[in-house]
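Asker: generate a structure from the sequence data that follows.
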Amino acid sequence: MSRHVGSPPIAAQIRDVAEVINTPFRFVQDALRFPKSERRCERRLQESLERRPNVLMVYSAPKTASTSVAAAIEACNAFTVIKVHHVQPEFFWPGVGTRLSTAHGGMRHKAIEQRTTRRFLERHAGDIRVVSLVRDPIAFNISNFTYFGRAYWLRTHWRSARWMPEEELARRFFATFTHDASSVWWQREYAPTMGFDPLAEPFDTELGWKQRVSGRFNTLILRTDMGDQAKTAALRAWLPGIDIPDIGRVNLNENQSPPELAQRLHSVVARHPEYVRRMLDLPAVRHFWSAVQRADMAGMAERTGAANNVQPQ
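Answerer: Okay, the predicted model is just below:
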């Protein structure tokens, strides 16, 4: 039996059809808007550098809880903070009508700060602190699929997505999303930018974070499943003498997408143990989590799916 909440309202269906018609206009709109937005972003970066010459880059794949870390660092007012997901061109998404996946299974993304940050890195000769976060791949995939659904995978079904039968929602998730992206990011995006492959170096899975200096980059890698108190302590150890406030959660996923979409996908994933096993066997997951921790993650995926396995009202 299809698990759904009934038929979508006529207005939602009409707006989804209109989105298909609007696609070429949106492509032109983005082409006109982005250069202006990028110039404004670069101007603001230069103004910030004049006031705060020390640079800290929050450089993390999308939906890795990096916003909460960035907010805590910005609150201390000691750095020019650059928040960016990609600076490698292979991950730059031109816009609607183009592929969302890279040749290596990465997830392409479009954001104003990408090219601006790449140009900054090319001309800036000083030291840069860089913090990056690594997230459970199942939570990463579901969060990205739902949060960016409006722009990417569910763009022409967004208004009616919450009424979509669960089987259809699952089909779209498994067939269209770039499921290896959380791992690919470290080797295809992070490694060439930072000058070292973090998956080729030891990582203390019990500690959950690691600091390393690579040329001009002073880097910190944090696992997002660490508690906020532990993440705060890691930041303070990495930035001695800086008054880092306690980290708290911000940028909740349900502010962008109907929360039942993620709930239903967690339920779907729990019924596909082969998918869970494949995700937990990705290179980055095997590196940043121990075998015992990965077994706990598999159990968590099953429990989360069971908790969300209820008939929508």
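Asker: Ser37 touches Lys110, doesn't it?
Answerer: No. Assessed by C-beta atoms under 8 Å, Ser37 is found out of contact with Lys110, at 11.1 Å. No exception for glycine: its C-beta is placed from N, CA and C like everyone else's.
Asker: between the two, which one's more packed in?
Answerer: Lys110 (20 against 14; other C-beta atoms under 10 Å).
Asker: test my guess that that one contacts Thr98.
Answerer: No. The pair Lys110 and Thr98 fails to qualify as a contact (C-beta under 8 Å) at a distance of 9.6 Å.
Asker: distance between the longest helix along the chain and the chain's centre?
Answerer: For the chain, the helix that runs over the most residues, judged by DSSP state H, is helix 10-51. Relative to its parent chain, helix 10-51 has a centroid offset of 19 Å by C-alpha atoms, centre = their mean, to the nearest Å.
Asker: and for stretch 151-160?
Answerer: Relative to its chain's centre, stretch 151-160 lies at 18 Å (C-alpha atoms, centre = their mean).
Asker: need the contact partners of it.
Answerer: Residues outside stretch 151-160 that contact it (C-beta atoms under 8 Å, 6 or more residues apart in numbering): 8, 11-13, 15-16, 19-20, 96, 100, 110, 145, 149-150, 161, 164, 172-173, 176-177.
Asker: rerun that using 6 Å as the cut-off
Answerer: Pro8, Ala12, Gln13, Arg15, Asp16, Glu19, Val20, Leu100, Phe145, Arg150, Ala161, Thr176 (C-beta atoms under 6 Å, 6 or more residues apart in numbering).
Asker: and for Ala11, the neighbour number?
Answerer: Counted with other C-beta under 10 Å, Ala11 comes out at 10.
Asker: selection in ChimeraX covering whichever of the contacts of stretch 151-160 are buried, please.
Answerer: Here is the ChimeraX command that selects only those of the contacts of stretch 151-160 that count as buried (16 or more other C-beta atoms under 10 Å):
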select :8,12,15,16,19,100,145,150,161
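Asker: for the closest residue in space to Thr232 that isn't next to it in sequence, report the pLDDT, please.
Answerer: Nearest non-adjacent residue to Thr232, counting by C-beta to C-beta, 6 or more residues apart in numbering: Ile247, 4.8 Å away. Ile247 carries a pLDDT score of 92 in this model.
Asker: ok, Val58 to Ser132 distance?
Answerer: Here the criterion is C-beta to C-beta, to the nearest Å. By it, Val58 lies 8 Å from Ser132.
Asker: poorly predicted segments of the protein, please.
Answerer: 1-6, 251-256, 308-313 (pLDDT under 70).
Asker: list the residues that contact the spatially most central residue of it.
Answerer: The structure's the chain has its C-alpha centroid closest to Pro62; by C-alpha atoms, centre = their mean the separation is 1.6 Å. Neighbouring residues of Pro62 by C-beta under 6 Å, 6+ apart: His85, Asn144.
Asker: how about it, phi and psi?
Answerer: phi -60, psi 140 (degrees, to the nearest 10).
Asker: also Ile112?
Answerer: Per degrees, to the nearest 10, the backbone of Ile112 is at phi -60, psi -40.
Asker: near it, how many other residues are there?
Answerer: Quick note: Ile112 (other C-beta under 10 Å) scores 18 neighbours.
Asker: run through the residues that contact Ala298.
Answerer: By C-beta under 6 Å, 6+ apart, the neighbours of Ala298 are Val276.
Asker: now do the SS call for it.
Answerer: State at Ala298, reduced to three classes by DSSP: H, G, I helix; E, B strand; the rest coil: helix.
Asker: now do the helices in the stretch 51-200 of the chain.
Answerer: Under the criterion DSSP state H, counting those that start in this stretch, helices of the stretch 51-200 of the chain are mapped to 66-75, 113-123, 137-147, 166-176, 181-184, 191-194.
Asker: which among those is found nearest to Gln293?
Answerer: helix 137-147 (12.9 Å; C-beta to C-beta).
Asker: who touches the closest one?
Answerer: Helix 137-147 has contacts (C-beta under 6 Å, 6+ apart) with 62-63, 153, 173, 177, 179, 182, 253, 256-257, 261-262, 265, 269, 279, 282, 285, 301.
Asker: between helix 166-176 and it, find me the angle.
Answerer: 110 degrees (axes from the mean of the first three to the mean of the last three C-alpha atoms, to 10 degrees).
Asker: how many neighbours does Tyr59 have?
Answerer: 25.
Asker: can you give me the strands in the stretch 101-250 of the chain?
Answerer: For the stretch 101-250 of the chain, the strands defined by DSSP state E, counting those that start in this stretch cover 128-134, 209-214, 217-223.
Asker: dump the shortest one to CSV, restricted to CA.
Answerer: So the one you mean is strand 209-214. Extracted in CSV, the C-alpha atoms of strand 209-214 (Å, rounded to 0.1, in the frame of the first residue of the first chain):
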residue,chain,number,x,y,z
TRP,A,209,38.8,15.3,15.6
LYS,A,210,42.2,16.0,14.2
GLN,A,211,44.4,19.1,13.7
ARG,A,212,47.0,19.2,11.0
VAL,A,213,49.2,21.9,9.4
SER,A,214,49.6,21.7,5.6
